[in-house]
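Participant: Quick one, fold the following:
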Amino acid sequence: MQIAIEPDIKSACPTLVLGIVTAAARVNADDGELWTEIAARTDDVRHSISLDDVSGLAEIKALRQAYRACGKDPARYRGSQEALLRRILKGSGLYKVNTLVDINNLVSIESRHSLGTYDLDRFASPVTLRIGRAGESYRGIGKDELNLEGLPVYADPQGPFGSPSSDSQRAMITAETRRIMMVVTAFSGPDGLSQTIDRAEALLRRFAAAEAIEREIVT
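Facilitator: Below you'll find the predicted structure:
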């Protein structure tokens, strides 16, 4: 899988780097041991930060600055990691989706970065991270049509399929998924990114029987 950061968004967000993990993996509806880990981490969040602290976290602050530079209001289009943290701190907890999405969310709340995990057989190479263009949209997962203009988006030759705010139905993880691409969108730079990739790889091996794992940092 070829993936690159286009000059338009790199110019707007010069510290932006990506952590990429691709793998063959198995998806299950649920895993009790995984949810024990998730529960522990959500408790850590509740005891370590408040709702007022969220927007000041370095990784979220960097994403908000990046969105403004790209032309999107971060108060209306929050990063997925901010949405997860706010949900936890409001006492709502996290949705159980499937093991791959649950791993994605666990790594996101631990790292404070936005993560996306995609079905590798539902999009094509090359993939670019760029700024969404006028008229571009897609139907988000469990959401209405999302206006992508000014939003950082992952796109293949067919068009956008993901963003750090909300991913599309086209490339989402389903029970039929057999190959995945997990992307860590690190607007704040490379510090700690290798460790985040290590954590994602370990969780994928443990809870998704991941094999043929490949990893890359894209700058």
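Participant: Report the spatially nearest residue to Val101, omitting neighbours in sequence.
Facilitator: Ile173 (5.6 Å; CB to CB, 6 or more residues apart in numbering). All C-beta atoms are positioned from the backbone trio N, CA, C, and that covers glycine.
Participant: Show the backbone phi and psi for that neighbour.
Facilitator: Backbone dihedrals for Ile173, given as degrees, to the nearest 10, come out at phi -70, psi 130.
Participant: and it, how many neighbours?
Facilitator: 21 (other CB atoms under 10 Å).
Participant: what do you get for the one 5 residues further on?
Facilitator: For Arg178, the number of neighbouring residues by other CB under 10 Å comes to 11.
Participant: How about Gly19, nearest residue that isn't a chain neighbour?
Facilitator: Of all residues not flanking Gly19 in the chain, Val184 sits nearest, at 3.6 Å (CB to CB, 6+ apart).
Participant: Show me the beta-bridge partners of that neighbour.
Facilitator: Taking DSSP bridges, one finds Gly19, Leu115 as the beta-bridge partners of Val184.
Participant: Restricting to C-alpha, output the helix or strand where Ile217 lies in CSV.
Facilitator: Here Ile217, judged by DSSP states H and E, is contained in strand 211-218. Included here for strand 211-218 are C-alpha records, laid out as CSV according to Å, rounded to 0.1, in the frame of the first residue of the first chain:
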residue,chain,number,x,y,z
GLU,A,211,-0.1,-11.8,10.8
ALA,A,212,2.0,-10.4,8.0
ILE,A,213,2.3,-7.1,9.8
GLU,A,214,4.0,-4.3,8.1
ARG,A,215,4.6,-0.9,9.6
GLU,A,216,5.8,2.5,8.4
ILE,A,217,6.2,6.1,9.5
VAL,A,218,5.3,8.6,6.7
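Participant: by contact count, what packs against it?
Facilitator: On a contact count with 3 or more CB pairs under 8 Å, 6 or more residues apart in numbering; DSSP states H and E, strand 211-218 meets strand 3-5, strand 17-24, helix 193-208.
Participant: hmm, try it at 6 Å
Facilitator: Where contact means 3 or more CB pairs under 6 Å, 6 or more residues apart in numbering; DSSP states H and E, strand 211-218 is packed against strand 17-24.
Participant: And the residue nearest to Val101, how close does it get to Ala4?
Facilitator: To Ala4, Ile173 is 23 Å away according to CB to CB, to the nearest Å.
Participant: which regions of this structure sit below the pLDDT cut-off?
Facilitator: Scanning the chain for pLDDT under 70 picks out no residues.
Participant: any chance you could map the strands in it?
Facilitator: Along the chain, counting by DSSP state E, strands occupy 3-5, 17-24, 114-119, 127-131, 137-139, 145-147, 152-156, 159-162, 179-186, 211-218.
Participant: Quick check: buried residues in the second one?
Facilitator: When neighbours are counted by 16 or more other CB atoms under 10 Å, the buried residues of strand 17-24 are found to be Val17, Leu18, Gly19, Ile20, Val21, Thr22, Ala23.
Participant: Having no further points to raise, I will conclude here.
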